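Engineer: model this:
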Amino acid sequence: MASCSVEHDGRGPLRSEHAQRAVSCGQLFRSVRASIEPNQSQEPHPAVERDDRFNTTHRIALLVTPTITKIETTEFAYELEDQGPTPDGFHMVYEPGGSFTRHLFGVRVYTDEGVTGEYVGGNSPGMAQINQFADFLVGKNPLDRERHWSEIKRAMRKYDRMGIGPIDIALWDFAGRYHDAPIHELLGTYRERIPAYASTYFGDRNGGLDSPEAYADFAAECLDMGYPGFKIHPWGGQWRDTDEVIETVHAVGERVGDEMELMLDPACQLETFGDALRVGKACDEQDFFWYEDPYRDGGISQHSHRKLRQQLKTPILQTEHVRGLEPLTDFIAAEATDFVRADPEYDGGITGAIKRARVAEGFGLDVEFHAPGPAQRQCLAAIRNTNYYEMALVGPKTSNTTPPIYACDYDDQLGSIDDEGTVGIQDGPGLGVRYDWDFIEENKTGRRIYN
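Structural biologist: I've put the predicted structure just below:
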């Protein structure tokens with residue numbers, strides 16, 4: 001297990017807090033039970049049905065149920081050095097001497113138990129959706145995640161539901177802290193470590209990943225570090241060149257293909273089905289492990305990806321951009337993908353991501369989680385049908401975009417793997433990490449409070 005723990009989180013020792021809460025709950029349980037259970041010489045109180053053996057315990061449980069008292073979202077900013085946007089502004093790439101300001105959000109769900117669920121991530125569109133349902137959650141039991149997920153899913157039916165993820169993850173973090181257990185233990189632990197693949201930045205023209213040879217050199221570097229897999233994100237926008245992508249597939253395959261599993265993710269950059277087919281044939285020749293989101297349909301056309309599968313031997317990985325459990329299930333049933341994608345932030349939190357994993361399992365397929373993060377690791381620890389952890393985004397001359405928000409030894413950088421090329425799973429309560437809320441407060445750019 002990873003060593004990052006949640007012993008202290010700014011509110012005193014968390015395990016001691018949990019123990020104190022347990023003692024107080026136990027005292028309350030005995031007190032309430034004494035007040036509502038008649039002794040042998042008394043007639044039963046009208047409110048107590050003595051023939052229901054679970055009635056007393058159930059009534060006590062209702063009295064000690066935790067309640068959400070406040071939800072807080074905090075926007076903050078941090079700088080990324082030696083990075084800048086592609087000419088179209090849609091991707092981050094290596095840019096020596098450059099600097100880019102990135103914005104993220106810290107989410108906290110407060111309860112009357114003194115235990116708070118936390119998550120840091122998200123984006124502005126998702127936070128806008130939280131504005132529409134946060135008030136619904138205030139006053140509710142934070143442990144009723146499945147009910148809340150269902151109600152908010154219905155309420156957000158006109159949108160992509162990206163706002164559910166950060167809140168649901170924070171509710172799972174609360175549950176872990178409340179029960180003094182890591183999330184994967186609540187889900188049911190399957191593994192303690194998982195292999196990672198190096199997932200590159202997009203190509204640049206600035207001296208980083210700027211040629212097929214540069215990708216091959218970096219793949220060899222990652223192999224030497226112990227990575228068992230390597231995924232190429234090629235060039236985009238006005239830098240896009242299908243022939244160069246094909247050259248890169250061959251350059252990397254010829255350099256390390258006999259020793260690493262290789263993947264390609266054009267991120268829907270290829271302009272035509274024909275381009276996608278040409279690049280896919282190159283992946284076939286180099287025996288790539290998967291081919292992901294190749295072209296401009298946006299990764300959502302069942303028909304076209306089924307047709308692409310029929311003409312390639314390289315497995316297709318789709319559904320990163322298919323929102324919702326039912327459309328995902330339809331995509332699989334249409335035989336439009338070989339591997340399934342899930343992301344707790346994109347797909348309705350840990351609740352939604354685990355649902356996607358179980359659907360994939362039912363079809364006999366593997367689910368590969370998108371992006372790195374503590375929520376992803378907790379999910380992967382509880383799933384059998386998965387192969388890799390995505391260490392993204394990495395490059396030879398710049399660090400990952402992970403913000404400096406961890407007050408523990410958790411990180412997601414190129415050097416975060418062990419000698420076997422694996423990452424561990426946090427075993428502290430909840431997500432198993434401690435966030436640096438002082439850093440978030442010092443770099444705060446906005447806040448919304450719901451109570």
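Engineer: show me the helices in the stretch 301-450 of the chain, by range?
Structural biologist: 302-311, 325-333, 349-362, 374-380, 437-442 (DSSP state H, counting those that start in this stretch).
Engineer: contacts for the fourth one?
Structural biologist: When you say that, I think you mean helix 374-380. Applying CB atoms under 8 Å, 6 or more residues apart in numbering, the external contacts of helix 374-380 come out as 2, 119, 121, 169, 172, 182-184, 187, 191, 194, 342-345, 349-350, 353-354, 357, 369-370, 386, 389-390, 410, 423-426, 431-433. For the C-beta atoms, the positions are set from N, CA and C on the backbone; glycine is no exception.
Engineer: can you say which of the helices of the stretch 301-450 of the chain is packed in most?
Structural biologist: Among the helices of the stretch 301-450 of the chain, ranked by average contacts under mean count of other CB atoms under 10 Å, first place goes to helix 374-380 (a mean of 27).
Engineer: pLDDT (mean, whole number) over that one?
Structural biologist: The average pLDDT for helix 374-380 rounds to 98.
Engineer: ok, back up a step: restricted to buried residues, select the contacts of helix 374-380 in PyMOL.
Structural biologist: Once 16 or more other CB atoms under 10 Å is used to decide burial, the buried members of these can be selected in PyMOL as follows:
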select buried, resi 2+119+121+169+172+182+183+184+187+194+342+343+344+345+349+350+353+354+357+369+370+386+389+390+410+423+424+425+426+431+432+433
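Engineer: from the contacts of helix 374-380, which land in strands?
Structural biologist: Counted as lying in strands by DSSP state E, out of the contacts of helix 374-380, are 119, 121, 194, 342, 369, 389-390, 423-424.
Engineer: among these, which one lies nearest to D82?
Structural biologist: Lowest distance from D82 to those (CB to CB) belongs to E390, with 21.8 Å.
Engineer: and the closest residue to that closest one other than its chain neighbours, bridged to which residues?
Structural biologist: Residue nearest to E390 in three dimensions, not counting chain neighbours: S199, with 4.9 Å by CB to CB, 6 or more residues apart in numbering. The partner list for S199 in beta bridges (DSSP bridges) reads K231, A392.
Engineer: returning to what we had before: need the ones in strands among the contacts of helix 374-380 in JSON lines (columns: pLDDT and distance to P87).
Structural biologist: Shown next, in JSON lines, are these (pLDDT from 0 to 100; distance: CB to CB, whole Å):
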{"residue": "Y119", "pLDDT": "98", "distance to P87": "33"}
{"residue": "G121", "pLDDT": "98", "distance to P87": "27"}
{"residue": "I194", "pLDDT": "98", "distance to P87": "36"}
{"residue": "A342", "pLDDT": "98", "distance to P87": "31"}
{"residue": "F369", "pLDDT": "99", "distance to P87": "30"}
{"residue": "Y389", "pLDDT": "99", "distance to P87": "31"}
{"residue": "E390", "pLDDT": "98", "distance to P87": "26"}
{"residue": "V423", "pLDDT": "98", "distance to P87": "34"}
{"residue": "G424", "pLDDT": "98", "distance to P87": "39"}
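Engineer: so which of these comes closest to G446?
Structural biologist: G121 (15.6 Å).
Engineer: leaving out the residues flanking it, which one is nearest to that closest one?
Structural biologist: Nearest one to G121, counting by CB to CB, 6+ apart, is E345 at 5.4 Å.
Engineer: how about W239, what does it touch?
Structural biologist: 86-87, 203-205.
Engineer: find the nearest non-adjacent residue to D347, please.
Structural biologist: Closest to D347 by CB to CB, 6+ apart is A353, at 5.1 Å.
Engineer: that neighbour against A342, yeah?
Structural biologist: Yes. Counting by CB atoms under 8 Å, A353 touches A342, with 4.4 Å between them.
Engineer: overlap in contacts of these two?
Structural biologist: With CB under 8 Å, 6+ apart, A353 and A342 have common neighbours 369, 379.
Engineer: model confidence for the nearest residue in space to F339 that is not next to it in sequence, exactly?
Structural biologist: Leaving out its chain neighbours, the residue that sits closest to F339 by CB to CB, 6+ apart is L317, at 3.9 Å. You'll see L317 listed with a pLDDT of 98.
Engineer: which stretches of the stretch 101-250 of the chain form strands?
Structural biologist: Assigned by DSSP state E, counting those that start in this stretch, the strands in the stretch 101-250 of the chain fall at 117-121, 193-200, 229-232.
Engineer: mind exporting the C-alpha coordinates of the longest one to CSV?
Structural biologist: Translated: strand 193-200. C-alpha atoms of strand 193-200 as CSV (Å, rounded to 0.1, in the frame of the first residue of the first chain):
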residue,chain,number,x,y,z
ARG,A,193,-0.6,-2.0,-6.7
ILE,A,194,-1.1,-1.5,-10.4
PRO,A,195,1.2,-1.2,-13.4
ALA,A,196,1.4,2.3,-14.9
TYR,A,197,1.9,3.5,-18.5
ALA,A,198,3.6,6.7,-19.5
SER,A,199,1.1,8.9,-21.3
THR,A,200,2.8,11.7,-23.2
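Engineer: now for it, which elements pack on it?
Structural biologist: Strand 193-200 makes packing contacts with helix 212-225, strand 229-232, strand 389-394, strand 422-424 when contacts are defined by 3 or more CB pairs under 8 Å, 6 or more residues apart in numbering; DSSP states H and E.
Engineer: let's see that with 6 Å instead.
Structural biologist: strand 229-232, strand 389-394, strand 422-424 (3 or more CB pairs under 6 Å, 6 or more residues apart in numbering; DSSP states H and E).
Engineer: how far does the first one sit from its chain's centre?
Structural biologist: The gap between the average C-alpha position of strand 229-232 and the chain average comes to 19 Å, counting by CA atoms, centre = their mean, to the nearest Å.
Engineer: quick check: domain ranges of this structure?
Structural biologist: 14-63, 68-180+435-450, 185-424 (automatic domain parsing).
Engineer: and the ones you listed, which is most packed in?
Structural biologist: domain 185-424 (a mean of 20).
Engineer: measure that one end to end?
Structural biologist: End-to-end distance of domain 185-424 (CA to CA, to the nearest Å): 14 Å.
Engineer: kindly report the same for stretch 318-325.
Structural biologist: Terminal-residue distance, stretch 318-325 (CA to CA): 14 Å.
Engineer: what residue ranges in this protein score low on pLDDT?
Structural biologist: Where the chain drops to pLDDT under 70, the residues are 1-63.
Engineer: okay but R448 is in contact with E72, surely?
Structural biologist: No. Taking contacts as CB atoms under 6 Å, R448 lies outside contact range of E72: 7.3 Å.
Engineer: re earlier: out of the ones in strands among the contacts of helix 374-380, flag the one nearest to A216.
Structural biologist: E390 (20.3 Å).
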